[in-house]
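Participant: Curious how this folds, go ahead:
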Amino acid sequence: MTLLVRDEADIVGEQIGFHLEHGVDFVVATDHRSTDGTTEILRGYAREGRLHLIREEADVLRQADWVTRMARLAATDFDADWVVNSDADEFWWPREGSLRDVLEAIPPRFGAIRGLWRHFVPRPETPEPFYERMIVRRRSTLDFTSPYHAQVKVVHRATPDVVVTQGNHDAFGRGLELIREWCPFEVFHLPVRTRRQMERKFSAWEASSASGASTGRHAEVAAAAAHARSAEAVFRDLLVDDDELAAGLGDGTLAFDTRLRDALRRASGEPPLLISQLSIGDDVAFAEELDALLTTDAAVKLERRTDAFDRRLSAVEAAAATVPGRALRRLARAAGRR
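Facilitator: Predicted structure coming up:
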């Protein structure tokens, strides 16, 4: 697993431990200027021989470059078969079987597969760990300015020429043919956990955007809103209180989902099994979110192809429009000579 982090001490230890327990063999992590204790947590895993740590002090966040570097290191230096590109607020959950079961079942002709973001919302703060409070899942939206927009993340076969795109949404390289329609992973996404954590995240986003780094449309909008109003006001907008929870459960935009909580609660001596306890309604909700995203994915591809065709057609028309003019000038010159 590759992991790019900055000031995620409240979650990064559980995130790494969860994945090491459930199929990840090794972590390549890049720590970008953390000051909240994240670095010490990463160094602890490095001392155990489970993690390779890279420290970055650059002012500008170069997310795609750094993740690409880690993914290539996984292939060249750490003997990886597959690479999961993750953020600290993401937990990869197979829909069936284990992480290893899914990846071993991928036909050799394919080299990349994706997981679907499933968003968990902040609830009123208590002294409990994040996973005790964040057991409410929110339906994804197609509004890409929202922190809860529909999105996918990529897993790919290890290859030394891989290029991972901004946001870890795609990977390109030799042998990385993508299975587009099958999405065997849910990626539990917990982007906003407490007001203080959100303030640190938005401040980092704002600084990165100001320095010219690409942070994604939702990050730009969130950071701008926090700057214009206040982080407290934005956090109140995102917080789901009891009244909003009741309304969301009623209209289907919210649902209880305790799978991550139960997995992180489990005593360390118990078998590391991921058993999806899903109802038919949960399966339908997943299928609807995936279908909406694939529709958008196809629309984006079609729009790009249409735009490319329009550019080629315009170039041909422009060239053709100059032909009569040139022909008339040649005729005029010929007439003048006669």
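
Participant: For the rest of this, base every contact and every neighbour count on C-alpha atoms.
Facilitator: Will do.

Participant: does the residue lying closest to residue 179 once chain neighbours are set aside sit in a helix, a strand or a coil?
Facilitator: Using C-alpha to C-alpha, 6 or more residues apart in numbering and skipping residues adjacent in sequence, the residue nearest residue 179 is residue 113, 5.4 Å away. Recorded secondary structure, residue 113: strand (DSSP: H, G, I helix; E, B strand; the rest coil).

Participant: Distance-wise, check residue 113 relative to residue 121.
Facilitator: To residue 121, residue 113 is 26 Å away according to C-alpha to C-alpha, to the nearest Å.

Participant: Would you mind telling me which of those two has more residues around it?
Facilitator: Comparing residue 113 with residue 121 by other C-alpha atoms under 10 Å, the one with more neighbours is residue 113, at 26 against 20.

Participant: where does the stretch 201-338 of the chain dip in pLDDT?
Facilitator: For the stretch 201-338 of the chain, the stretches with pLDDT under 70 are 205-216, 267-278, 295-296, 298-305, 307-308, 319-338.

Participant: Swap in 50 and give it another go.
Facilitator: 267-268, 272, 275, 328 (pLDDT under 50).

Participant: Tell me where it has helices.
Facilitator: Listed in chain order, the helices of the stretch 201-338 of the chain (DSSP state H, counting those that start in this stretch) span residues 217-228, 231-238, 242-251, 259-265, 280-337.

Participant: so what's residue 110 up against?
Facilitator: Going by C-alpha atoms under 8 Å, 6 or more residues apart in numbering, residue 110 touches 175, 176, 177, 178, 179.

Participant: Now with 10 Å, please.
Facilitator: Taking C-alpha atoms under 10 Å, 6 or more residues apart in numbering, we find residue 110 in contact with 156, 157, 175, 176, 177, 178, 179.

Participant: Do you have the helices of the stretch 51-200 of the chain handy? List them.
Facilitator: Under the criterion DSSP H, counting those that start in this stretch, the stretch 51-200 of the chain carries helices at the ranges 63-76, 99-104, 130-133, 195-210.

Participant: Now the terminal residues of stretch 115-125, how far apart.
Facilitator: 29 Å.

Participant: quick revisit: contacting residues for the residue nearest to residue 179?
Facilitator: By C-alpha under 10 Å, 6+ apart, the contact list for residue 113 reads 84, 103, 106, 152-157, 170-171, 176-185.

Participant: Bridge partners for it, pull those for me.
Facilitator: residue 155 (DSSP bridges).

Participant: before we move on, the earlier item: return the members of the contacts of residue 110 classed as buried.
Facilitator: Buried subset of the contacts of residue 110 (neighbour count, 16 or more other C-alpha atoms under 10 Å): 156, 157, 175, 176, 177, 178.

Participant: Neighbours of the closest residue to the second one other than its chain neighbours, how many?
Facilitator: If the residues on either side of it in the chain are set aside, residue 157 comes closest to residue 82, at 4.2 Å by C-alpha to C-alpha, 6+ apart. Burial of residue 82, expressed as a neighbour count using other C-alpha under 10 Å, amounts to 21.

Participant: Now do residue 82 against residue 165, distance only.
Facilitator: Look at residue 82 and residue 165: by C-alpha to C-alpha, they are 17 Å apart.

Participant: Over to residue 178?
Facilitator: 14 Å.

Participant: Residue 242 too?
Facilitator: From residue 242 to residue 165 the distance is 38 Å (C-alpha to C-alpha).

Participant: neighbour count winner among these two?
Facilitator: When neighbours are counted by other C-alpha under 10 Å, residue 242 and residue 165 differ, and residue 165 comes out ahead with 16 against 11.

Participant: what are the ranges of the strands in the stretch 51-200 of the chain?
Facilitator: Assignment of strands within the stretch 51-200 of the chain using DSSP state E, counting those that start in this stretch yields the ranges 51-56, 82-87, 90-94, 112-120, 136-138, 152-157, 163-164, 171-172, 185-189.

Participant: nearest residue to the spatially most central residue of the chain other than its sequence neighbours?
Facilitator: Geometric centre of the chain, nearest residue: residue 153, 4.6 Å, by C-alpha atoms, centre = their mean. Counting by C-alpha to C-alpha, 6+ apart, residue 169 is the residue found nearest to residue 153 once chain neighbours are left out, at 4.5 Å.

Participant: go on, residue 88?
Facilitator: Using C-alpha to C-alpha, 6+ apart, the nearest residue to residue 88 is residue 12, at 5.4 Å.

Participant: Quick check: that neighbour vs residue 154, distance?
Facilitator: 20 Å.

Participant: what do you get for residue 140?
Facilitator: Counting by C-alpha to C-alpha, the gap from residue 140 to residue 154 is 18 Å.

Participant: Residue 246 too?
Facilitator: Taking C-alpha to C-alpha, one finds residue 246 at 34 Å from residue 154.

Participant: between the two, who's got more neighbours?
Facilitator: Each of residue 246 and residue 154 has its neighbours counted (other C-alpha under 10 Å); residue 154 has more, 22 against 13.
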